[in-house]
Each structure stands twice: as structure tokens, then as C-alpha cells.
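Visitor: A predicted structure for the sequence below; I have some questions about it.
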Amino acid sequence: MQRFTDLATIRRRVWDRLRAAATEPGHPLRALSFGTSTDGRPQLRTVILRDADPDERVLAFHTDRQSQKVADIRAEEKITWLGWTPETREQVRLSGTASLHFDDAVAEDMWQEQSPGALDLYVRERAPGTPLETPRDGRDAAVKTDPVTREDVADGRPNFAVVRTVIDEIDWLHLHPEGHYRAQFQFDAEADAFEGGWVVP
């Protein structure tokens, strides 16, 4: 198993893999844990990474604007992402500031970029977390056809939101057979760059 000893290489590796994950459905970092807090209690859920821009330090996903995570971000914009790659035994945590996008160009661009099949869950009358008497997904019958078309999902647009995060901190851990090791990076606004160092795992 490869061992990485150069901080700049690790930083580039993290962003290169996140950028790949945003477009490759089978990538191990495609489904990431996303952490917020609700009334001071930590909350985690899995989200699908839809955009990663190293130059802007941005990660983004889409969600239902009625969801608890949106309410959490309204109350506290500081968030954390977590990813794990079993094959290479790498963990990455990324922290930063989240922003919400509903009816602006960020949201509209992502709505247009996504396939109808990725948007069908927004065509529903009830908000995520609404109690039900039986287990079901709550989607409208119009999107339970094959194939789902853009016209089928159009009614879901008012429920659609994009969560965009600007990353300020990266914590990378490698569980290596020859010894675990860990690096941390913080964004320095004056230098307009991430500064990194080694820490005890």
C-alpha cells in the first residue's frame, strides 16, 4: 500500500478524489456523511456529493428545502463532512461554512444538470420526517413511471435546494499497515492557500 509523505500531494489527492466522486456514481467518496447540529445535538446523514471545486474550496449536494438539515444550517452554518475509503484505508474530514440556495443561479444550474431520476424524490406533498402509518417513500405517482422525464419532476422544483460548503479545514488519516499517520490543513485567507502539518493520529 502506498504511503504518502508530501503534504502538498495529500492535499491534491483529497481534492482530486472528491472531484472524481462528484461525477462517478461508484466512487467511495460519492456518498459522504454530512454533519450539522440540531439544538446543540450533533446530527449526521449520508448525502450524495454533486460538485467539488478545488479552486473555490467548494463541496455541494442537493436536498429537500423542507428537510431538517436545511433548518439546521439556517441556525448554524458551520458544518463537517466525513468520508472513508475502505480499499485504501483513508479517512477525510472537511469542515467549513454552508450556504443555502433555493431559487438562485446555483440552485437552478444544479437542477438543470441533474437527471430526472435524481430529482424524482422532490415530487411529494409531505416534508421529509413527516410521520406515516405505513412504510413508503412519499413520492407522487407521476414519478413512479419508467423512464422518469423532466416534465414528471417539474413539480418538485419548489422543494429543491442546494447546500454549498466552502471548506476551511481538512483532516486526513491513513490507516497504513506500516503505521497510521495523519495530516491537517487549514485555509489561510491572507496567503489564499491551505497550510498543512502532521499530527498524531
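Guide: Now that the structure is in, tell me what you want to look at.

Visitor: what about Pro158, how many residues nearby?
Guide: Burial measure for Pro158: 12 neighbouring residues, criterion other C-beta atoms under 10 Å. C-beta here means a position set from N, CA and C on the backbone, and glycine is covered the same way.

Visitor: tell me the phi and psi of the residue nearest to it when sequence neighbours are not counted?
Guide: Distances taken as C-beta to C-beta, 6 or more residues apart in numbering place Arg65 nearest to Pro158, at 7.9 Å, with adjacent residues excluded. Backbone torsions for Arg65, taken as degrees, to the nearest 10, come to phi -70, psi -10.

Visitor: would you agree Arg65 is in contact with Val162?
Guide: No: using C-beta atoms under 8 Å, Arg65 makes no contact with Val162, being 9.5 Å away.

Visitor: can you work out which residues contact both of those two?
Guide: Here Arg65 and Val162 have Leu100 as joint contacts, going by C-beta atoms under 8 Å, 6 or more residues apart in numbering.

Visitor: please name the residues that touch the residue nearest to Pro158.
Guide: With C-beta under 8 Å, 6+ apart, Arg65 has these contacts: Leu100, Phe102, Pro158, Asn159, Phe160, Ala161.

Visitor: of the residues you listed, which belong to strands?
Guide: Leu100, Phe160, Ala161 (DSSP state E).

Visitor: okay, these in a markdown table with neighbour count next?
Guide: What follows is the ones in strands among the contacts of Arg65, written out as a markdown table (neighbours: other C-beta atoms under 10 Å):
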| residue | neighbour count |
| --- | --- |
| Leu100 | 18 |
| Phe160 | 22 |
| Ala161 | 24 |
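
Visitor: enumerate every residue touching the residue nearest the centre of the chain.
Guide: The chain has Leu49 as the residue nearest its centroid, 4.3 Å off, counting by C-alpha atoms, centre = their mean. By C-beta under 8 Å, 6+ apart, Leu49 lies in contact with Leu18, Ala21, Ala22, Leu29, Arg30, Ala31, Leu32, Leu59, Ala60, Phe61.

Visitor: try it again at 7 Å.
Guide: By C-beta atoms under 7 Å, 6 or more residues apart in numbering, the contact list for Leu49 reads Leu18, Ala21, Ala22, Leu29, Arg30, Leu32, Leu59, Phe61.
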